[in-house]
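Asks: my questions are about this predicted structure, shown below with the sequence.
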Amino acid sequence: MQKGNIGVTTENIFPVIKKFLYSDHEIFLRELVSNAVDATQKLKTLASMGDFKGELGDLTIHVTLGKDTITVSDRGLGLTAEEIDKYINQIAFSGANDFLEKYKNDANAIIGHFGLGFYSAFMVAKKVEIVTRSYREDAQAVKWTCDGSPEFTIEDIEREGRGTDIILYVDDDCKEFLEEARISALLTKYCRFLPVPVAFGKKKEWKDGKQVETEEDNIINDVCPLWTRKPSELKDEDYQKFYRELYPMADEPLFWIHLNVDYPFHLTGILYFPKVKSNIELNRNKIQLYCNQVYVTDSVEGIVPDFLTLLHGVLDSPDIPLNVSRSYLQSDSNVKKISTYITKKVADRLQSIFKNDRKQFEDKWNDLKIFIDYGMLTQEDFYERAKEFALLTDTDGKHYTFEEYKTLIKDNQTDKNDTLVYLYASNKEEQYSYTEMAKNKGYNVLLMDGQLDIAVVSMLEQKLEKAHFARVDSDVIDRLIVKGEENPEAVSADEQDALSGIFKSQMPKMDKAEFMVSVQALGESATPVMITRSEYMRRMKEMANIQAGMSFYGEMPDMYNIVLNSDHTLVKDILADEERKCTPEVAPIKKEMDDVDARRKELRKQAEGKEMPEADKAEVEQLDKKWDELKAKKEAFFAGYASQNKVVRQLIDLALLQNGMLKGEALDAFVKRSIELIK
Ligand code: ADP
């Protein structure tokens, strides 16, 4: 028997491995099974080159659980004593402690850096044995034992066949790894697509109401997963079936892309466009990353562009450096190339479906939209491609490319400044009447009700030339797209003042909402009252909700315009009635207000360029007070009048109702009043 010390410069590396890699303990199994796979693959290669002439036989790798042990056995090339010394004993460490400290949360980095695969066994084992015999003729079988200190022993033993058993004596605090269910779950996670069969226990079947073991090995992996096969040999069903295996709970995927590159990097994989219901955040991290069929991670952040992390599927590449930190990944040239390549492939695929089967593309657009929007918003090169096939949908459900839509609305929706006005609704139901008004005018209205559409609207305004987006309820129809000169004032200043006073006094109190009243001549057949909401202010508020640093806008009240149609008989009647009932009272108040105003203007004028005498200052103060009082008196009078006028309240409520803004007590009052009115 021979004794020796493992070549590490750190006093004892194993406690370090254990401590730092605590959260990732489970990967020991991946490391040991993939070593077994490597040894098996190497033997196959030797055989195919004629360097190994013996029988390959059954090459299945076995994972077995004992009372205190986990054993991984292979029938690969095995090891000689010299090889153990070279590959296992002489692990060269330099600056091990520094490195471990830096990457303590990233087991992959540590394992990659040191070639520590085998030693990860010590994360769960207090003692490890290697029982092995090389494939070489007349090789001497050996057993290597190490109890977790840098000391090991190696001795000659008897062993019939070629291959290696790695036997782990599981540590007391890692007993969970002796549970069949745990190991089974780990094998499914890490070894599911390894290229050599891996057996864990025996297949079970139901007999007389209970599960019994059969004679047959329970093979846990698919040695030839779909992404390793030729796309030309595969049918749609194969892709759908594979998708169901990966995500048993998901809906059918929309499309898939089979990736297969050899140069200048190796990459294979299948990406699926899933059917997502909502909330894009929840669906990230569904892409699994493999390295030669060994599962590595399901976090592909930094490897594929952000918007593609919403896709599902698998990527397999030995060229993605896994032993580096995530921040370093983004600057790695291979990763950059891979990321660009994937973006391009995704765009190619979408473009080709769009071109060859536009109907299918349109049918699936609602589900696809979120990916494409997100891609266009975050990835310039993707926008450049997607602008050819991204679609706009109108309120009738018709789809158009950007170019097609421009052609459609160019003649009718260009304003006097030569700007193309894209009208849209963000809620088909709530903005129904506005949409109808626009349509009756011959305009087309887009439906922008997607999760990202607020941002998409801003993006398109920037990208498309001379384009402006306006929601259908942002102004009265004639001013949504201003084509000629503005209309002259519809009513006199006094009438405007009266209507404003009357209507404002009857607005129900609403939290964080402010109303302005304006009067416009909208034509006899148009609605008497409507509510509009400035595009600019509304958008600022919407952006504030989704962007940090804009909370100022978020705090502002919602501003609404009550637009009265001076051409409508109901409004005309109110004006005539008000004239009759209010003018006798209001006119003298107004006269007085004018006098007060004239006097204070006069005093201010006298004092221009010099200090105002104290007496005058006192008078101005008095006048200001007086003016405020008169104004309040006038408003109170209008309010008193308005409260008697059922038509005013009714008109306001109808306008609110049309906007879905009439709720609670106000709605109840409206219903009761309406019943009164029709009785
Ligand atoms: P890596 O696999 O990255 O080289 P490991 O520490 O996992 O690092 O393994 C070190 C070496 O030990 C391997 O390169 C291989 O030569 C040898 N080895 C490990 N496991 C086996 C095995 N099951 N059969 C044959 N050789 C093995």
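Replies: Arrived safely, thanks for sending.
Asks: following the helix or strand where residue 296 lies, which helix or strand comes up?
Replies: Using DSSP states H and E, residue 296 falls within strand 294-297. Following strand 294-297 in sequence order, the next helix or strand is strand 312-316 (DSSP H and E).
Asks: mind listing what that next one pairs with, with the direction of each?
Replies: Strand 312-316 sits in its sheet next to strand 267-273 (antiparallel), strand 287-291 (parallel), going by DSSP bridges.
Asks: quick one: residues in contact with the strand holding residue 296.
Replies: If you take Cβ atoms under 8 Å, 6 or more residues apart in numbering as the criterion, strand 294-297 is touched by 30, 34, 37, 108, 189-194, 288-290, 322. C-beta here means a position set from N, CA and C on the backbone, and glycine is covered the same way.
Asks: narrow the residues you listed to those in strands?
Replies: Using DSSP state E, the members of these that fall within strands are 288-290.
Asks: how close does the residue of the chain at minimum distance from the ligand get to residue 676?
Replies: With Cβ to the nearest ligand atom, the shortest gap between the chain and the ligand falls at residue 117, namely 2.6 Å. Distance, residue 117 to residue 676, using Cβ to Cβ, to the nearest Å: 84 Å.
Asks: just want to know which of those two has more residues nearby.
Replies: residue 117 (17 against 9; other Cβ atoms under 10 Å).
Asks: need the contact list for the more buried one.
Replies: 31-32, 34-35, 111.
Asks: okay, now the spatially closest residue to it that is not a sequence neighbour: neighbour count?
Replies: Take residue 117 and drop its neighbours on the chain: the residue closest to it by Cβ to Cβ, 6 or more residues apart in numbering is residue 31, 4.0 Å away. As a burial measure, residue 31 scores 22 neighbours (other Cβ under 10 Å).
Asks: my guess is residue 31 contacts residue 118, does it?
Replies: Yes. The pair residue 31 / residue 118 is scored as a contact, 6.8 Å apart, by Cβ atoms under 8 Å.
Asks: domain ranges for the chain?
Replies: Here the domain parsing of the chain from automatic domain parsing is 2-219, 226-369, 392-480, 493-533+559-678.
Asks: correct me, but residue 142 touches residue 81?
Replies: Yes. Between residue 142 and residue 81 there is a contact under Cβ under 8 Å: 4.9 Å.
Asks: touching both of the two, which residues are there?
Replies: 154, 156.
Asks: sketch out the low-pLDDT regions of the stretch 51-200 of the chain for me.
Replies: For the stretch 51-200 of the chain, applying pLDDT under 70 flags the ranges 90-116.
Asks: just the stretch 551-679 of the chain next, same as before
Replies: 551-554.
Asks: now do the helices in it.
Replies: According to DSSP state H, counting those that start in this stretch, the stretch 551-679 of the chain carries its helices in the segments 551-555, 569-606, 614-644, 646-658, 664-678.
Asks: identify whichever of those lies nearest to residue 269.
Replies: helix 551-555 (42.0 Å; Cβ to Cβ).
Asks: reformat the domains of the chain as a markdown table; add distance to residue 378.
Replies: Below are the domains of the chain laid out as a markdown table (distance: least, Cβ to Cβ, whole Å):
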| stretch | distance to residue 378 |
| --- | --- |
| domain 2-219 | 26 |
| domain 226-369 | 5 |
| domain 392-480 | 10 |
| domain 493-533+559-678 | 29 |
